[in-house]
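>>> what's the 3D shape of this:
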Amino acid sequence: MNEIINAIPEYVITAVVSTAIFYLMNAGKNLLHSKVQHAKTAQSKELWGFIEQVANTAVNSLISKNLTGDAKFAQATAIVQDTLNKQGFTNVDVKAIESAVQSAYEKSPLTPTTDPAKEPDKLGQKEPNSVPDGKKKAIDPKEVA
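Predicted coordinates:
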């Protein structure tokens, strides 16, 4: 009986240490998982930045070419895809590449920044319910009726 009473603290210590080890391992696994997720996010961000940079360069290189818009788009997409393949990025979706090329085209000098069909009023506003800082003002019900 004396041996059993003397063994109880050893069992309690063993249980506490085992539980602490389990929780530490679990916390370490969660920490490692969050670090891996952060690394993947940072890698994706850098890859997207690289794709945008290559797309901008491809679109700008095709501005002076005497091609149709569709041909320029296809050629720019091919240039970006080829560059990514040369750099070892073979698993990039074609839709992502096309999206980057479209974004680069919209930022390029090929796209007008204003709509020539809309004439600005005296304050330079394009819409009747806008204010100079770009925020819309409330519509007066008397104006609508």
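
>>> any residues touching the host helix or strand of Ala74, and which ones?
For Ala74, the host element (DSSP states H and E) is helix 69-86. Helix 69-86 is touched from outside by 51, 54-55, 58-59, 61-62, 65, 67, 90, 92, 94, 97-98, 100-102, 104-105, with contacts defined as CB atoms under 8 Å, 6 or more residues apart in numbering. Bear in mind the C-beta positions are built from the backbone N, C-alpha and C, glycine included.

>>> buried sites along that helix?
Using 16 or more other CB atoms under 10 Å as the test for burial, helix 69-86 gives Lys72, Phe73, Gln75, Ala76, Thr77, Ile79, Val80, Gln81, Thr83, Leu84.

>>> Quick check: of these, which lies closest to Met1?
Leu84 (75.7 Å; CB to CB).

>>> Please find the angle between the direction vectors of the longest helix along the chain and helix 69-86.
Ranked by number of residues, the top helix in the chain under DSSP state H is helix 2-61. Relative orientation of helix 2-61 and helix 69-86, computed by axes from the mean of the first three to the mean of the last three CA atoms, to 10 degrees: 140 degrees.
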